[in-house]
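> Just need the structure, nothing else, for what follows:
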Amino acid sequence: MQASLRSALAALSLVSMAALSSCGGNAREADSPPSADEPASAPAPGLDIATHEGDFVEIQQFETPEGISVWLVNEPSIPIVSINAAWPGGSASDPQGLEGLANSVVYQMNEGAGELDALAFQTRMEELNMSFGCSAGRDWTSCSADMLRENAGEAMDLVALAMNEPRFDDGPFERFQREALIGIKRRVTSPDFLASEAMEEALYPDHPYARETSAASINALSPSLALSHKDDLMVREGMLVTAVGAITPGKLAPMIDKAFAGLPAEGDLDLPGEVVLEDPLAAPKRVDLPQPQTLVRFTAPGLQRDHPDFFAAYVLNYTFGGGGFESRLMKELRVAQGLTYGIGTGLGFGGELATWSGRGQTRNETAGRFVKGIKDQMRAISRQGITEQELADAKSYLTGAYPLAFDSNSKIAGQMMGVRQQELGVDYFDRRNGAIEAVTLDDANRVAAEWLKPERFTFVLVGEPEGIAPVETD
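Numbers count the residues shown, from 1 in each chain. The predicted model follows:
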């Protein structure tokens, strides 16, 4: 598979270069070869490099001279370099009453640094044909950058300026607050937000994961609070870096050290603890919202990646609700009964919470039939299991489609980061398809019997559903 991935990466050279060049600025031809002084096998003085030569992709692991842990896929055929950095701790670590603080930090990271205000910073990125931005998830804070090989040094200098001398000016900060407040006003008519909020209140109401931003919390934020919180979020301790592209460890390591030189050694975050789910609701929870359709969300406890039955559940989910028109829920509730345009399920994992969830929409007048149809399919699959053909189809799709997750440098860097964050091991890419193929029919059906019982699921309905009784009102 390594050969096929290498071919795919090489084919991406023209596409990736054209996409990045569209930002403006001057660039060499997309198919220009690696420079003579930067061969793929360039030595890296002072670096202790462990190379994983897997069947899927070769990953070089090393620590920079300043002790930052890096995984690198050196791909000289594509003149693009993608770099990801991540830190434990995200929006769930916002202090109570200051929800939105982590997002205010990451919003500002490309809004000016050093002597460059927001406009000058954005202009400089365009001149360099690069992108740089940060985001805050529930459990991790991340930054990523994409740049041309030929000016990677200058691009990383700009990243270093952003990381070490961020401005957090009043203008961009006030813009963040205005946008956040508009979002808060709009979400009261968002079925997805209302369903998520109701599910959180039902299953883990007192956990930090259930806290939401409010007008009061956003208005309580300030540039000084955000700058201080940046020094708790973005620290050396626990920091992970992944990189993909036309660069060697010897070239990359000093760029990484320079970019993150000013980060504190450690921060002071309250990381969220384990989620203990409440018992599932005996009846659907209803959130009234005037609209012609009802959104139905259903959630039960799920499996983390290190659970021995994770891959059996992953394969099973494809047949149950994750496989589009090949899934049982779609075949029955859309094709056979015409109750919905679409319905799907998925496994949620990572951090302190693992779930098995699904969602779909139906007309208000068919909401009762829709919920009954979902539960009927759960009962059927939990009692009777799936067939050999369904198992084979799921395996074929899940293994065959996997390379599509690696069709750009940034996607590969992101995939590696996910593996690092979940501590799956550097050989995960080589083991993954084998783990799927190893799932037996007995495995899948045993997991179905244990995990897909309808009484394990909490249902939330947003709209004006009919035919649901008894219904808990909100």
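> contacting residues for residue 133?
Counting by Cβ atoms under 8 Å, 6 or more residues apart in numbering, residue 133 touches 106, 109, 110, 143, 144. Any C-beta I mention is one placed from the backbone N, CA and C, and that applies to glycine too.
> wouldn't residue 65 be in contact with residue 253 here?
Yes. Here residue 65 lies in contact with residue 253, judged by Cβ atoms under 8 Å, at a distance of 6.6 Å.
> so what sits against both of the two?
By Cβ under 8 Å, 6+ apart, the residues touching both residue 65 and residue 253 are residue 47.
> The two - which one has more neighbours?
Between residue 65 and residue 253, counted using other Cβ atoms under 10 Å, residue 253 has the larger neighbour count: 24 against 12.
> Distance check, the residue nearest to that one when sequence neighbours are not counted against residue 250.
With sequence-adjacent residues excluded and distances taken as Cβ to Cβ, 6 or more residues apart in numbering, residue 253 is closest to residue 64, at 4.3 Å. Computed as Cβ to Cβ, to the nearest Å, the residue 64 to residue 250 distance reads 11 Å.
> Find the residues that touch each one of these two.
residue 47.
> Looking at those two, which one has more neighbours?
residue 64 (20 against 16).
> what sits against that one?
Neighbouring residues of residue 64 by Cβ under 8 Å, 6+ apart: 47, 70, 253, 254, 256, 257.
> And for residue 299?
If you count contacts by Cβ under 8 Å, 6+ apart, residue 299 has them with 199, 203, 355, 356, 357, 358, 457, 458, 460.
> That one and residue 353, how far apart?
Separation of residue 299 from residue 353 (Cβ to Cβ): 10 Å.
> so what sits against both of those two?
With Cβ under 8 Å, 6+ apart, residue 299 and residue 353 have no common neighbours.
> Just the buried ones among the contacts of residue 64, please.
Those of these that meet the buried threshold are 47, 70, 253, 256, by 16 or more other Cβ atoms under 10 Å.
> Among these, which are located in helices?
253, 256 (DSSP state H).
> from what I can see, residue 159 looks like it's in a helix, true?
Yes. Per DSSP: H, G, I helix; E, B strand; the rest coil, residue 159 lies within a helix segment.
> Can I get stretch 47-56 in CSV? Just the C-alpha atoms.
C-alpha atoms of stretch 47-56 as CSV (Å, rounded to 0.1, in the frame of the first residue of the first chain):
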residue,chain,number,x,y,z
LEU,A,47,18.9,14.4,15.9
ASP,A,48,18.1,10.9,17.1
ILE,A,49,15.7,9.8,14.4
ALA,A,50,13.6,6.6,14.6
THR,A,51,12.2,5.6,11.3
HIS,A,52,9.0,3.5,11.0
GLU,A,53,9.2,1.9,7.6
GLY,A,54,5.6,0.7,7.4
ASP,A,55,3.7,-0.8,4.5
PHE,A,56,1.5,2.3,4.4
